[in-house]
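# coords please:
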Amino acid sequence: MRAVIQRVHQCAVRVGGELCGQIDRGLLVYLGIKGTDTLQDLEYLAEKIVHLRVFQDEQGKMNLSALDVGAEVMVVSQFTLYGDARRGRRPSYSEAADGEKAQGYYALMIERLRRQGLKVEQGRFAARMEVQYTNIGPVTLLLDSEKLF
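Predicted coordinates for the structure are as follows:
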């Protein structure tokens, strides 16, 4: 399981012009599910997201987590995180989970984050979304449950 995490000031997701979700200060999480992912991968990534210290403390150091600052979270499904463009010019998505598994794990991730007490908004699974946000810092981090990076 992979995630691209961005610290944002605001984020809004629209599908066909309709607002699906919106957050203020928090994290934008692009989430990719691999075909071989397990619940252990999901739990690992959920814990990382909740406790990742990317918000500034009084001294200006990134020392606080989403829980510490009451951040909101926007989760957007992104199968292209498993795009492999090492050969040719068209990425292969063969490692990405099928739609049924990916949708189930996507819903579970949102539930796990909410259970931690965070306000969580979401995009619309398998839809063509427009994601608008302001990245603060900028801060962008890559997470991988297999710890590849």
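
# Now do the helices in the protein.
39-51, 66-69, 99-115 (DSSP state H).

# closest to Gly137 out of those helices?
helix 66-69 (14.3 Å; C-beta to C-beta). All C-beta spots, glycine's among them, are computed from the backbone N, C-alpha and C.

# Can you name the residues in contact with that closest one?
25-27, 49-55, 73, 116-118 (C-beta atoms under 8 Å, 6 or more residues apart in numbering).

# Equivalent analysis for stretch 28-40, please.
In contact with stretch 28-40 (C-beta under 8 Å, 6+ apart) are residues 1-6, 8, 11, 41, 45, 49, 73-82, 95-98, 101-102, 105-106, 108-109, 131, 133, 135, 145.

# what residue lies at the spatial centre of the protein?
Per C-alpha atoms, centre = their mean, the C-alpha nearest to the average position across the chain is that of Val29, at 2.0 Å.

# Just give the nearest non-adjacent residue to that residue, would you?
In space, Val29 comes closest to Val75 once its chain neighbours are excluded; the distance is 4.8 Å by C-beta to C-beta, 6 or more residues apart in numbering.

# who's that neighbour bridged to?
Note on Val75: beta-bridge partners by DSSP bridges are Val29, Gln122.

# Next up, the contacts around it.
Counted by C-beta under 8 Å, 6+ apart, Val75 has contacts Val29, Leu31, Tyr106, Met109, Ile110, Leu113, Val120, Glu121, Gln122, Gly123.

# Roughly how far does it sit from Tyr44?
Distance of Val75 to Tyr44, computed by C-beta to C-beta, to the nearest Å: 16 Å.

# got it, and Glu18?
In terms of C-beta to C-beta, Glu18 sits 33 Å off from Tyr44.

# For stretch 113-126, list every residue counted as buried.
By neighbour count on 16 or more other C-beta atoms under 10 Å, the buried set for stretch 113-126 is Leu113, Leu118, Val120, Glu121, Gln122, Gly123, Arg124.
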